[in-house]
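Enquirer: build the 3D model from these lines:
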Amino acid sequence: MSAFLGKIHYLLYNKIQLNEDLLGGILNFAEGKNIPVEEIKSKIYEKYGYPEKRDLEEAIDQGNIHGWLQEKIQSVENRTAAIVTELINKHDIKMDDISKIYYDNGKRIMGAMEVKDFLPKDLFDIIFTYMLEGMPCDMINEVIFESESEFSWKTTRCIHKQHWDKTGGEVNNFYTLRKAWINGLLDATEYSYIRSENGNNKITRG
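Expert: Have a look, this model is predicted:
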């Protein structure tokens with residue numbers, strides 16, 4: 001079966017799994033606060049789909065690889081938006097608490113890497129080895145500038161707002177969590193990340 005699958009399909013599935021892990025971390029945190037997590041999961045998973053944890057070769061619809069992966073991306077993004085929004089609005093969970101989960105995850109991923117000497121472009125590539133930004137054909141990131149001390153790109157359009165709008169949430173929370181994850185990833189490096197309101201992004205030394 002895997003003969004029909006390419007490297008890009010495994011990369012996308014790994015991104016989905018990373019985002020499932022982040023969502024699991026949020027739910028574990030909420031459970032520790034005596035929040036009715038199972039009730040929340042039951043309602044939201046029934047509406048937006050359930051996590052898929054099987055190996056890709058076993059789980060994927062070989063007759064509709066692109067559509068299956070797109071569906072799983074939409075599912076985890078919808079569930080994350082819905083759960084974060086509900087925890088904030090109905091259970092008094094703070095964005096700072098959820099952001100720390102993302103920060104710690106990014107920091108842990110960087111800590112597991114053997115290579116430590118990065119150019120800014122390397123860090124951009126690492127970020128989008130893990131962070132979901134639609135399908136490759138969506139071409140969301142447009143490079144603006146590249147040097148040995150800086151890499152900048154523009155987000156051509158926001159493909160995440162639809163998920164937060166659908167669940168009654170604020171897409172700014174998505175970007176807050178993504179920034180926290182990137183900051184965690186960069187914590188042990190000499191680089192910092194900046195995102196402006198117009199969708200421009202920069203990784204810069206110092």
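Enquirer: so Thr155 makes contact with Val143?
Expert: No. Using CB atoms under 8 Å, Thr155 is not in contact with Val143, being 11.6 Å away. For the C-beta atoms, the positions are set from N, CA and C on the backbone; glycine is no exception.
Enquirer: the more surrounded of those two?
Expert: Thr155 (18 against 11; other CB atoms under 10 Å).
Enquirer: can you tell me the closest non-neighbouring residue to that one?
Expert: Excluding the flanking residues, the one nearest Thr155 by CB to CB, 6 or more residues apart in numbering is Gly199, at 4.0 Å.
Enquirer: how about Lys94?
Expert: In space, Lys94 comes closest to Ile88 once its chain neighbours are excluded; the distance is 7.6 Å by CB to CB, 6+ apart.
Enquirer: now swap in Asp21 and tell me
Expert: Leaving aside its chain neighbours, Asp21 sits nearest to Asn105 (7.2 Å; criterion: CB to CB, 6+ apart).
Enquirer: could you do Ile16 as well?
Expert: Lys72 (5.1 Å).
Enquirer: same thing with Met131?
Expert: Residue nearest to Met131 in three dimensions, not counting chain neighbours: Arg178, with 6.4 Å by CB to CB, 6+ apart.
Enquirer: burial of that neighbour, as a residue count?
Expert: Residues lying near Arg178 (other CB under 10 Å) number 21.
Enquirer: and the gap between it and His66?
Expert: Taking CB to CB, to the nearest Å as the measure, Arg178 falls 24 Å from His66.
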